[in-house]
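A.B. asks: got a structure for you, letters missing:
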Ligand SMILES: Nc1ncnc2c1ncn2[C@@H]1O[C@H](COP(=O)(O)OP(=O)(O)OP(=O)(O)O)[C@@H](O)[C@H]1O
């Protein structure tokens, strides 16, 4: 169609709008070739004249007919542009109250900021086992989980579900539901095996660890990790301050074991918080007990909990949350004694934060009063030497050739030293817990252990919930690492969606015009390449006199020419800007070196490691009850996902003893900077992800006020642009909706072929076999013959005389899992009738014999015993189908109910107005009467 035809009078278009981003309008007059102007009447009635400079490029985007509005897959829109995507999401979200929408291979999830009734077990049942989950049911996070689970079960291929989005967009909630879905579906599989007495050897007597427990343990890991790793920020009341990748391995559709890797816990939050933010939830939960034996009281009595001047979270009871955390501890097998030990350390951290450090005798020194209550409370709880701690919090040892000097700290240095110990202790607790969870998610019985040894063979589904892209007023080292991680994830997404997809079209010689996308490789190189930002940072950290400002200068000299690096033209001089894929972010260099070194003075470490309590001593030495193997939190000991707190430190390592030497001999630890560890763990993560079949969930934060079902178009478009959803729409719409390898396709549909070919298809014949399967489509008898009397591919088809049947049957077919429309017989893969219900003259079951009684028009024959499992499965499928209908109805109902509530609210408001009007009228009448 030519532009003149497309842009004729009355055509519906979109115009840019400052407030709503896009506004609908209608062309008042058609576009003429070479015209410089276009007149549009907006929906508001305003008439606007558009300047056309580069016709064909700057003509306004076209609008779809109303009938397409609210499509649940954006790729099915006729006109695909930013305005249409936004409009569609808006209608679905605001009018239909639907939070999920497919966008090709991506599920877009809008945060409703309100509980929606779409996650209960009926809905899980509806999605589980649904073969065409993408089209038969509304888009849902359960749909994505089902696709991953199904793909894994059928093809034994590892899957990953990557949940991304900015802070507060709903990643953790969606990841939590995904986890629940997998746990429920897997436990249903276990139960159904148990029901029919199959057993399959799993979970039988003698196992010391039953299958049902592992699902519970997986779910119990959530409240623990959230209590210790989540905090209230200005953007999100329950913000994850660490990244998490959970891998669930399955054996015969049941969970075999699981493991969690964590990424870069934000340790600085333990000692300082921005305004209106909180420390980690667990501290406030603990304070709610006001336990005197731990010296606990209201959170505002502790320095470490008062940085943000915020101690509570709306609608959250810390006391209730504590009981959730403790219940989860029990589920994971943590004893009350160990729990008490953890709480003791947390309380000690809080008391340590209250230690008051004064200027010493000179301005270059500092001191702590012998009677400091914070110091004595911390030392009593940790069972460590108070005098030693008091000394080494305000001094350090310098070792030169042949001699040692004791140098006092300034007040600032002493505060840093104290905070570093507090952060170290908290990180030890966190990583110990991750190791504990991993231990609890292993298989324990002999049989299960064997499985674990073969774990690399078991397929898994991995769920990645990693901190979203962050921009604050002041962005520091943590934001830099978080945004770097997002940059890597975006690249992973690009590689999968754009690069690989297009490469396949080229290699398959499919006619294809390339879709441009923003490749963020140059930005990643700026960060992680040799002489890039991280490299220069590490170099500076090695310098004795290294400083943040020196590092900044070096970056400016070395990286100044990069397209993705910049310095602010106005304002702060100690900033550098990185142009990320999402947005440019200005980072303040202050504190980068210190955070990257993450140094804890060895003298202080030795003191806490010398605790009289064996548990503490082991925990602070990198060991403990759960015996974390190497890098804590790594799955089955593989990978280096979690920073090992043992490798964090090492600033000054004393080599000899002095009068005030701490009691324990120092050990040697590697000097690995935080950024270096993080880079390595991200490389490992990307490596893992690249070997899986990825599924993407893009979470969108619809407004900053956390208002329920409210969409700020500007914010939504920002996020859609940033995470590549719009480009995905274009590529998904232009490309093929489904891609199968020969092997995959053959495995899935081979039962349609004659036995001979089905069994004998070797690698070389795979393509031919696939072609043969596709040829089946030519035979109407096999593709759902419309003829009512069709009995399947008999030769010739017995329904040949009926309308809609060609009467042709192909010799290529054997009896497949027949699902003829009239449902005379149902077959499973091995051609055995499940339950011949249609026995009679038209029975399609040709096997005869014991399983079928031709002529007996009855469905009352009891199935043979060995079909019981299949029948159970069949019934389950029926149940699921019913549940699907219920879920769909419920979805609709929910939308209608909401509309009704809205209408009631409006009615109430109008009534109130009416009443107010009447009252006013009465008043006026009274005053008139008085007059
Ligand atoms: N599907 C949902 N239904 C109801 N409420 C939701 C849903 N998704 C998110 N929310 C609300 O939004 C809040 C923030 O969500 P969530 O913690 O998952 O964000 P996030 O993307 O993980 O943020 P961060 O990166 O800061 O951890 C939740 O605490 C919850 O109140």
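C.D. replies: Looks like it came in fine. The structure displayed is predicted, hence computed values, not measured ones.
A.B. asks: got the contact list for residue 109?
C.D. replies: Residues counted as contacts of residue 109 (CB atoms under 8 Å, 6 or more residues apart in numbering) are 99, 100, 141, 165, 169, 170, 174, 697, 698, 699, 700. C-beta here means a position set from N, CA and C on the backbone, and glycine is covered the same way.
A.B. asks: typo on my end, residue 884
C.D. replies: Neighbours of residue 884 in contact, by CB under 8 Å, 6+ apart: 126, 127, 130, 136, 137.
A.B. asks: top of these by neighbour count?
C.D. replies: Among these, the one with the most neighbours (other CB atoms under 10 Å) is residue 126, at 28 neighbours.
A.B. asks: surely it and residue 889 touch.
C.D. replies: No - using CB atoms under 8 Å, residue 126 makes no contact with residue 889, being 10.5 Å away.
A.B. asks: could you pick out the residues of the stretch 451-600 of the chain near the ligand for me?
C.D. replies: Selection of the stretch 451-600 of the chain residues close to the ligand by CB under 6 Å from any ligand atom yields 467, 468.
A.B. asks: can you name the residue of the stretch 451-600 of the chain nearest to the ligand?
C.D. replies: The minimum distance from the stretch 451-600 of the chain to the ligand, using CB to the nearest ligand atom, falls at residue 468 (4.3 Å).
A.B. asks: how many neighbours does residue 164 have?
C.D. replies: The number of residues packed near residue 164 is 24, by other CB under 10 Å.
A.B. asks: helix, strand or coil for it?
C.D. replies: At residue 164, secondary structure determined by DSSP: H, G, I helix; E, B strand; the rest coil is strand.
A.B. asks: ok, it - contacts?
C.D. replies: When contacts are counted by CB under 8 Å, 6+ apart, residue 164 touches 171, 466, 468, 486, 489, 493, 696, 697, 698, 699, 723.
A.B. asks: give me the beta-bridge partners of it?
C.D. replies: residue 698 (DSSP bridges).
A.B. asks: excluding chain neighbours, what is closest to the residue of the stretch 651-800 of the chain found nearest the ligand?
C.D. replies: Across the stretch 651-800 of the chain, no residue is closer to the ligand than residue 699, which sits at 5.6 Å (CB to the nearest ligand atom). Nearest non-adjacent residue to residue 699, counting by CB to CB, 6 or more residues apart in numbering: residue 165, 3.1 Å away.
A.B. asks: wait, the one you found touches residue 715, no?
C.D. replies: No - applying CB under 8 Å, one finds residue 165 not in contact with residue 715, separated by 11.9 Å.
A.B. asks: so for these two, which residues contact both of them?
C.D. replies: Each of residue 701 lies in contact with both residue 165 and residue 715 under the rule CB under 8 Å, 6+ apart.
A.B. asks: more neighbours, those two?
C.D. replies: residue 165 (24 against 16).
A.B. asks: got the confidence number for that one?
C.D. replies: What the model reports as pLDDT for residue 165 is 88.
A.B. asks: ok so, going back, where's the dip in pLDDT among the contacts of residue 109?
C.D. replies: Here the lowest pLDDT out of the contacts of residue 109 sits on residue 165, with 88.
A.B. asks: which residues touch stretch 469-488?
C.D. replies: Identification of contacts with stretch 469-488 by CB under 8 Å, 6+ apart yields 164, 166-167, 243, 263-264, 266, 268, 274, 466-468, 520, 523-524, 527-528, 533, 578, 580-583, 585-588, 590-592, 595-596, 674-675, 678, 682, 685-686, 722.
A.B. asks: ranges for the helices of the stretch 51-200 of the chain?
C.D. replies: Along the stretch 51-200 of the chain, counting by DSSP state H, counting those that start in this stretch, helices occupy 82-90, 121-127, 133-136, 141-155, 171-195.
A.B. asks: distance of residue 403 relative to residue 397?
C.D. replies: 11 Å (CB to CB, to the nearest Å).
A.B. asks: oh sorry, the question was meant for residue 37
C.D. replies: Distance, residue 37 to residue 397, by CB to CB: 79 Å.
A.B. asks: more neighbours: which of those two?
C.D. replies: Neighbour count, other CB under 10 Å: between residue 37 and residue 397, residue 397 has more, with 21 against 11.
A.B. asks: returning to that earlier point: looking at the helices of the stretch 51-200 of the chain, which is nearest to the ligand?
C.D. replies: The closest of the helices of the stretch 51-200 of the chain to the ligand is helix 171-195. By CB to the nearest ligand atom, the value is 3.4 Å.
A.B. asks: now the element after the closest one, going C-ward?
C.D. replies: Sequence-wise, the next helix or strand downstream of helix 171-195 (DSSP states H and E) is helix 211-229.
A.B. asks: average pLDDT across that following helix?
C.D. replies: Mean pLDDT, computed over helix 211-229, is 88.
A.B. asks: so residue 386 makes contact with residue 379?
C.D. replies: Yes - when contacts are counted by CB under 8 Å, residue 386 is listed as touching residue 379 (4.0 Å).
A.B. asks: please identify which of these two sits among more neighbours.
C.D. replies: Comparing residue 386 with residue 379 by other CB under 10 Å, the one with more neighbours is residue 379, at 24 against 16.
A.B. asks: what parts of this structure come near the ligand?
C.D. replies: Within the chain, the positions near the ligand by CB under 6 Å from any ligand atom are 111-116, 165, 167-173, 236-240, 467-468, 699.
A.B. asks: mind running it again at 5 Å?
C.D. replies: Counting by CB under 5 Å from any ligand atom, the chain comes close to the ligand at 111, 167-173, 236, 238-240, 467-468.
A.B. asks: about what we covered before: OK, contacts around the residue of the stretch 651-800 of the chain closest to the ligand?
C.D. replies: With contacts defined as CB under 8 Å, 6+ apart, residue 699 is in contact with 109, 110, 111, 163, 164, 165, 166, 169, 170, 171, 174, 468.
A.B. asks: quick check, the last one in contact with residue 172.
C.D. replies: Yep, that's residue 468 we're talking about. No - with contacts counted by CB under 8 Å, residue 468 stays clear of residue 172, the gap being 10.1 Å.
A.B. asks: where does the stretch 601-750 of the chain have low pLDDT?
C.D. replies: By pLDDT under 70, the low-scoring segments of the stretch 601-750 of the chain are 623-671, 732-739.
A.B. asks: the strands in it, which residues?
C.D. replies: Ranges of strands in the stretch 601-750 of the chain, per DSSP state E, counting those that start in this stretch, are 693-700.
A.B. asks: re the thing from before, which of the contacts of residue 164 lies closest to residue 904?
C.D. replies: residue 699 (30.9 Å; CB to CB).
A.B. asks: from residue 175, how far out is that closest one?
C.D. replies: According to CB to CB, residue 699 stands 10 Å off from residue 175.
A.B. asks: who touches residue 16 in this structure?
C.D. replies: Neighbour list for residue 16: 22, 23 [criterion: CB under 8 Å, 6+ apart].
A.B. asks: please identify the helix or strand for it.
C.D. replies: Assigned by DSSP H and E, residue 16 falls within strand 12-17.
A.B. asks: which is the next helix or strand following that strand?
C.D. replies: Scanning forward in sequence from strand 12-17 by DSSP H and E, the next helix or strand is strand 21-27.
A.B. asks: which strands border the next helix or strand after that next one, and is each parallel or antiparallel?
C.D. replies: Per DSSP H and E, the first helix or strand lying C-terminal to strand 21-27 is strand 37-42. The strands beside strand 37-42 in its sheet (DSSP bridges) come out as strand 21-27 (antiparallel), strand 47-51 (antiparallel).
A.B. asks: pLDDT on strand 37-42, on average?
C.D. replies: Per-region confidence: strand 37-42 scores 89 on mean pLDDT.
A.B. asks: can you give me the angle it makes with strand 12-17?
C.D. replies: Strand 37-42 and strand 12-17 are oriented at 90 degrees to each other (axes from the mean of the first three to the mean of the last three CA atoms, to 10 degrees).
A.B. asks: ok, and what's touching strand 37-42?
C.D. replies: The contact list for strand 37-42, computed with CB under 8 Å, 6+ apart, reads 7, 13, 15, 23-29, 31, 47-52, 59-60.
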